[in-house]
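S.K.: Need coordinates for the below:
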Amino acid sequence: MLFDLRSLIDPELWALVDESRAFYASRQSGRGASSLEELQAFRSKAPAPAVCDRPPTIEDVSADGRDVPVRIHMPVSELPTGVVLEIHTGGVFMGSAAVSDLRNRRLVDELGVAVVSVDYRLAPEHPWPAAPDDCETAALWLAEHAQARFGTTRLVISGFSAGSTLAMSTLLRMRDRGLTSFSGGVLQCGTYDLSALTPAGRLIADEYFLDAYAGAAPDRTHPDLSPVFADLRHLPPVLIVIGEDDVLLEDNLTMASRLAAAGNEVDLCIYPASPHAFTGHPTSMARAALNSIDDWLQERLSATD
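M.R.: As a prediction, the model looks like this:
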């Protein structure tokens, strides 16, 4: 089979490239903290999360002897058609579930789903495996209580950037427990090699978040830390969304290839003229990606229990 990167891109997206390039030409690229001191400064200057019209409920949930706080967004007038377990962005060392409130509320209003967002512990104060432990706790709670709490057992998981790393780790942990509660996963611009040993991983080898998150881990190729090294068999369908101009493109291509080689269903969507986290920007390219994600989620959450 002969293909190039362009052949993996939906031809209809090329019409949106000029607008996307114009938007990013006047926008300075962001960067993460390069040290603990800079991270603390970033945190102190971070604006308060935007408040959505219908605030979520906030509660602690428990499973397997652990507790974790979550934010729960519900439809207004009907039972949800399914539940999305959302894992927020922030490099595993910044942000909170509240940062995702507007994005999650849109998903609830558009699709009629409930969204449970995990307030996992942050590095470097709480290095690996604290964050995946918290995400697993929320996933186990949902697997046990979704029917009673939400009236459905249709579950998917969704991650954004570092949240996608944690989402993949959560799917692997659930599989290793023999649980098939989640019918799919949406992974936007994730990082899957935190060891910096693969060619893709070496592109971000100098990023501080790698040290902050890994902490004292003796082997950063541990599959719970760097999911690209995991045995990827027997996972649910996955949608991978990545920008062509994202430094993580190669990492996502590698993960997609390994998932497919392991026999899983993988939808790989590459968006031209789009950098990291582009779906959070006000462009037609982002809107196209969000529409595609909505369609993918609806397809997996529309079946009756």
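S.K.: What is the subsequent helix or strand relative to the lowest-mean-pLDDT helix or strand in the chain?
M.R.: Across the helices and strands of the chain, mean pLDDT, DSSP states H and E gives its lowest value to helix 36-45, namely a mean of 93. Sequence-wise, the next helix or strand downstream of helix 36-45 (DSSP states H and E) is strand 57-63.
S.K.: Please identify the buried residues of that next one?
M.R.: Buried residues in strand 57-63, counted by 16 or more other C-beta atoms under 10 Å: Val61, Ala63. Using the backbone N, CA and C atoms, a C-beta is placed for each residue, glycine as well.
S.K.: Show me which residues of the following helix or strand past that strand are buried.
M.R.: Using DSSP H and E, the helix or strand that directly follows strand 57-63 along the chain is strand 66-73. For strand 66-73, burial by neighbour count (16+ other C-beta under 10 Å) applies to Val68, Pro69, Val70, Arg71, Ile72, His73.
S.K.: Against Leu259, how distant is the second one?
M.R.: Right, the one you point to is Pro69. Pro69 sits 31 Å away from Leu259 when distances are taken as C-beta to C-beta, to the nearest Å.
S.K.: One more: the last one?
M.R.: As defined by C-beta to C-beta, His73 lies at a distance of 29 Å from Leu259.
S.K.: Pro199: how many residues sit nearby?
M.R.: 11 (other C-beta atoms under 10 Å).
S.K.: Next one: Leu16, what pLDDT does it get?
M.R.: pLDDT, Leu16: 98.
S.K.: show me what contacts it?
M.R.: Shown in contact with Leu16 (C-beta atoms under 8 Å, 6 or more residues apart in numbering): Pro272, Ala273, Thr283, Ser284, Met285, Ala288.
S.K.: got it, and Ser29?
M.R.: Applying C-beta under 8 Å, 6+ apart, we find Ser29 in contact with Pro275.
S.K.: Now do the SS call for it.
M.R.: Classification of Ser29 using DSSP: H, G, I helix; E, B strand; the rest coil returns coil.
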